[in-house]
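In: just to be clear, the model below is a prediction. Sequence and coordinates:
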Amino acid sequence: MSNSNASAALPIDVAIIGGGQSALATAYFLRRVGIDYVVLDDQSAPGGAWLHTWDSLQLFSPAQWSSLPGWLMPGTSGQYPSRDDVIRYLTEYEKRYEVPVQRPVEVTSVSRRDAGLLVSTNRGDWRAKAVVSATGTWGHPYIPDYPGQGGFEGGQLHSAHYRNPEAFRGKDVLVVGGGNSGAQILAELSQVCHATWVTLEEPTFLPDDVDGRVLFERATERWKARSEGRPDPVPAGGLGDVVMVPAVRDARARGVLNSVHPFSHFTVDGVAWKDGRHTPVDAVVWCTGFRPALEHLRPLRVLNDSGRVDVVDGRAIQEPRLWLVGYGEWCGFASATLIGVMRSARLAATQINQYLNTLEESTP
Ligand code: FAD
């Protein structure tokens, strides 16, 4: 499908931008209330960010705790699903619920037009009554600034683009970042090269019997307490704490799960530490997280100083025809997880349905 200008924009009730897990969860609830919608995804296949994670990535929750609404993720061979299990599940999920996805389609901008929102893409435009942005964070990896970084001649790679350890065999590598990505990539690299784990604070390792399920239960308790104005329950424990998946437990048994505090600056061929020591380094793998991929929303002038959007329950305050799903706590409790996004997706679909109904009632 392609049309070249705004006047030829295709009318649709709801355009969902992005075709990952958050989009599919939202699609499930929109479909249930019979709303006319389209999903616009710039990838050439289903799976969203999962298409780009490293080969050995393991989820930190078992299959039934990593499911989207309506259909439990089928059991997997390992205790924790692999990235391939997730991609297979999301692919089947799209078929099962006949999700109308147009791909590869890149949404270049969302702007106000007459009574609706103009969703401009590299393959034509859509005129939507409401828009759901579900573009995730993978497209916006975050790398902190370190003095001398520009002059460092070694390799630098963000975890978003790390696939496997082969390119690092026999080298001196820094793995920077103390979350699940850092722990899993350190565990893998430490088997083929000299890997040093650099973290801002001591990483928090969860007990071996605590995985994403317990984290989600704790996060739910915390969410309930906050919504009822009670103090945070103990123990804390958030989705950033390291789940002891088998590969990370194995690294602990090998005695490599030790981290050091950050270096002071880069040199041409390595890093200098605060005590004056120098370490030659061949490469750095940045496991330093992501920022929301929201550039397409810039024409709406809704982005705040932190690159997010001010929302109430996922709905943009400055543009009530715009909802954001899946970017993490700021737009929905545990929304950046397969099991957690259901709550945000259902709320967005309910609000959109109410909005479209009022629109219809007020249209002569
Ligand atoms: P994405 O999966 O990123 O999908 C967004 C889609 O939108 C992508 O296809 C993207 O290409 C597309 N897009 C972006 N911009 C545009 C545009 N302008 N136009 C069109 N399309 C666009 N979650 C769990 O539940 N359990 C886990 O165990 C778990 N482990 C994780 C481990 C790691 C290392 C990481 C990084 C994440 C993990 N997550 C886990 C989180 C999960 O992978 C992400 O939160 C999830 O992929 C977010 O889904 P999403 O649909 O919001 O975004």
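Out: Ah, there it is. Keep in mind it's a predicted model, so treat the numbers as computed, not measured. Numbering: from 1, shown residues only.

In: please count neighbours and contacts with C-alpha atoms only from this point.
Out: Fine.

In: did I read that right, W223 in a strand?
Out: No. Under the criterion used here (DSSP: H, G, I helix; E, B strand; the rest coil), W223 is helix, not part of a strand.

In: count the residues that sit near it.
Out: 18 (other CA atoms under 10 Å).

In: and it, what is it in contact with?
Out: F333 (CA atoms under 8 Å, 6 or more residues apart in numbering).

In: and it, how far from D241?
Out: Distance check for W223 against D241: by CA to CA, to the nearest Å, it reads 17 Å.

In: for the stretch 1-150 of the chain, what lies in contact range of the ligand?
Out: By the rule CA under 6 Å from any ligand atom, the part of the stretch 1-150 of the chain lying against the ligand is 17-23, 40-43, 48-50, 59-61, 66, 105-108, 134-138.

In: what's the domain layout of this protein?
Out: When the chain is parsed with automatic domain parsing, its domains come out as 6-140+290-359, 149-205+242-286.

In: which of the three states applies to A15?
Out: strand.

In: and it, how many neighbours?
Out: Neighbour number of A15 under other CA under 10 Å is 25.

In: which residues does the residue of the stretch 251-364 of the chain at minimum distance from the ligand contact?
Out: Closest residue of the stretch 251-364 of the chain to the ligand, CA to the nearest ligand atom: T337 (3.1 Å). Contact analysis of T337 by CA under 8 Å, 6+ apart lists S66, G326.

In: what's the closest of the domains of the chain to G212?
Out: Ranking these by proximity to G212 (CA to CA) places domain 6-140+290-359 first, at 4.3 Å.

In: that closest one: how far from the chain's middle?
Out: Offset of domain 6-140+290-359 from its chain centre (CA atoms, centre = their mean, to the nearest Å): 11 Å.

In: show me where the stretch 251-364 of the chain has helices.
Out: Ranges of helices in the stretch 251-364 of the chain, per DSSP state H, counting those that start in this stretch, are 341-362.

In: flag every residue of it that's near the ligand.
Out: With CA under 6 Å from any ligand atom as the criterion, the stretch 251-364 of the chain comes near the ligand at residues A293, H296, G326, Y327, A336, T337, L338, I339.

In: repeat that with 8 Å
Out: Listed as neighbours of the ligand in the stretch 251-364 of the chain under the rule CA under 8 Å from any ligand atom: 289, 293-296, 325-328, 335-340.

In: can you list contacts of stretch 161-170?
Out: Residues outside stretch 161-170 that contact it (CA under 8 Å, 6+ apart) are H52, T53, W54, D55, S56, E188, L189, V192, C193, H194, A283, V285.

In: end to end, how far does that stretch reach?
Out: Termini of stretch 161-170 sit 20 Å apart (CA to CA).

In: what comes up buried for it?
Out: For stretch 161-170, the neighbour count (16 or more other CA atoms under 10 Å) marks Y162, P165, F168 as buried.

In: against Y80, how distant is the last one?
Out: Put plainly, it is F168. Distance from F168 to Y80, by CA to CA: 26 Å.

In: tell me the SS of the closest residue in space to I352 that isn't next to it in sequence?
Out: Using CA to CA, 6 or more residues apart in numbering and skipping residues adjacent in sequence, the residue nearest I352 is A130, 7.2 Å away. Of the three states, A130 takes strand under three-state DSSP.

In: check contacts around A130.
Out: With CA under 8 Å, 6+ apart, A130 has these contacts: D13, V14, A15, G116, L117, R321, L322, W323, I352.

In: give the contact list for the fifth one.
Out: Contact analysis of L117 by CA under 8 Å, 6+ apart lists V110, S111, R127, A128, K129, A130, V131, R321.

In: change it to 6 Å
Out: S111, R127, A128 (CA atoms under 6 Å, 6 or more residues apart in numbering).

In: partner residues bridging it?
Out: R112, A128 (DSSP bridges).

In: tell me how far it lies from the ligand.
Out: L117 sits 15 Å away from the ligand, going by CA to the nearest ligand atom, to the nearest Å.

In: what about that residue, distance to A128?
Out: Counting by CA to CA - L117 and A128 are separated by 5 Å.

In: and which of the contacts of L117 is nearest to the ligand?
Out: S111 (13.2 Å).

In: what pLDDT does the model give the closest one?
Out: On the pLDDT scale, S111 is placed at 98.
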